[in-house]
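Asks: Dropping the sequence and predicted coords here.
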Amino acid sequence: MMNTPLTALVLSGGGARAAYQVGVLKALDCLRRDAPGSAGARANPFDIFIGTSAGAINSAALACRADAFSDAVGLLCQVWSNVHAEQVYRTDSLGLMCSGAQWLTVLSLGWVLAHWQRVKPRSLLNNAPLAELVRRLVPMERLPDMLAAGHLHALALTASSYSTGEHVTFYHAREAITPWMRTQRHGVPSQLNHDHLLASSAIPFIFPACHIKHDDYGGWYGDGSMRQSAPLAPAVHLGAQRLLVIGAGRMHEPAIKRASASLLLAWPNA
């Protein structure tokens, strides 16, 4: 008897537009539950979850509740429908003033004064509320149990290394999978935790980089959307034979931006 092909769900970045991914999944779940013969269907229709940036948070939330896919989708719908700015970064006056004062000091007086500061600005905004939201939304401690019980095959989260400039996919799989190494992109096994989620969603300059502990690939990481030249490759390396890809980027770039880009490209030849 042939083994059932592994199906991967690939969720890209896109900031707040990642909420649209959950809308697609909700519609998919409704269709699946209403389909003939759905009574005997698996609790989770996906074997592999791949996530980048905001999509990493959605992927991890689904993977850690792979034994109840419908409930996981419902929870994500509830969170994304009620999320506000203060749940992502500090919006109180004190928080914004502290961050602004630090940057103003650095930009106006240079690193001469910053050299004596104990706390140098790491980012424009403080994403401590996002870290708290992620810890409540994604029970990473359940991931090993979900893998061991056979509810999923693997979870992979991508981030960009500030030390090497490489794009790294950290994955946790039920079975041993050979790490891969390509030009400027690698896949390495890891015990995934909330730091991987915060690193993958750390927008450069806006949110602080996150330090990931790893014997060979430890260091500071940022948004996984950077340097992502092959977003489908991790799913293939992890054994997927069928893929559902839900993007959250804009389909069409505004004309004014295209014109600006053309002018920049033409400038060296002017």
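Replies: Great, that's in hand. Residues are numbered from 1 along each chain as shown.
Asks: Let me see the ranges of the helices in the stretch 151-270 of the chain.
Replies: In the stretch 151-270 of the chain, the segments counted as helices under DSSP state H, counting those that start in this stretch are 194-200, 233-237, 255-266.
Asks: what does the model give the closest residue in space to residue 248 that isn't next to it in sequence for pLDDT?
Replies: Residue nearest to residue 248 in three dimensions, not counting chain neighbours: residue 14, with 2.7 Å by CB to CB, 6 or more residues apart in numbering. No exception for glycine: its C-beta is placed from N, CA and C like everyone else's. At residue 14, the predicted lDDT confidence score is 76.
Asks: Tell me, how many residues neighbour residue 14?
Replies: Using other CB atoms under 10 Å as the criterion, residue 14 is surrounded by 20 other residues.
Asks: so where is the stretch 1-150 of the chain shaky, pLDDT-wise?
Replies: Of all residues in the stretch 1-150 of the chain, those with pLDDT under 70 make up the ranges 1-2, 37-42, 90-123.
Asks: Would you map the helices across it?
Replies: 18-34, 54-63, 69-82, 93-109, 111-114, 128-137, 143-148.
Asks: returning to that earlier point: the residue nearest to residue 248 contacts residue 51, correct?
Replies: No - between residue 14 and residue 51 no contact is recorded; they are 11.5 Å apart, counting by CB atoms under 8 Å.
Asks: So what would you say the end-to-end distance of stretch 167-179 is?
Replies: Using CA to CA, to the nearest Å, the end-to-end distance of stretch 167-179 comes to 14 Å.
Asks: Check which residues of it are buried.
Replies: 167, 168, 169, 170, 171, 172, 173, 174, 177 (16 or more other CB atoms under 10 Å).
Asks: Please list all residues in contact with the last one.
Replies: Read that as residue 177. Under the criterion of CB atoms under 8 Å, 6 or more residues apart in numbering, the neighbours of residue 177 are 154, 171, 189, 237, 238, 239.
Asks: How about stretch 22-30, which residues are buried there?
Replies: Within stretch 22-30, the residues that qualify as buried are 22, 25, 28, 29, counting by 16+ other CB under 10 Å.
Asks: With that, I have no additional questions.
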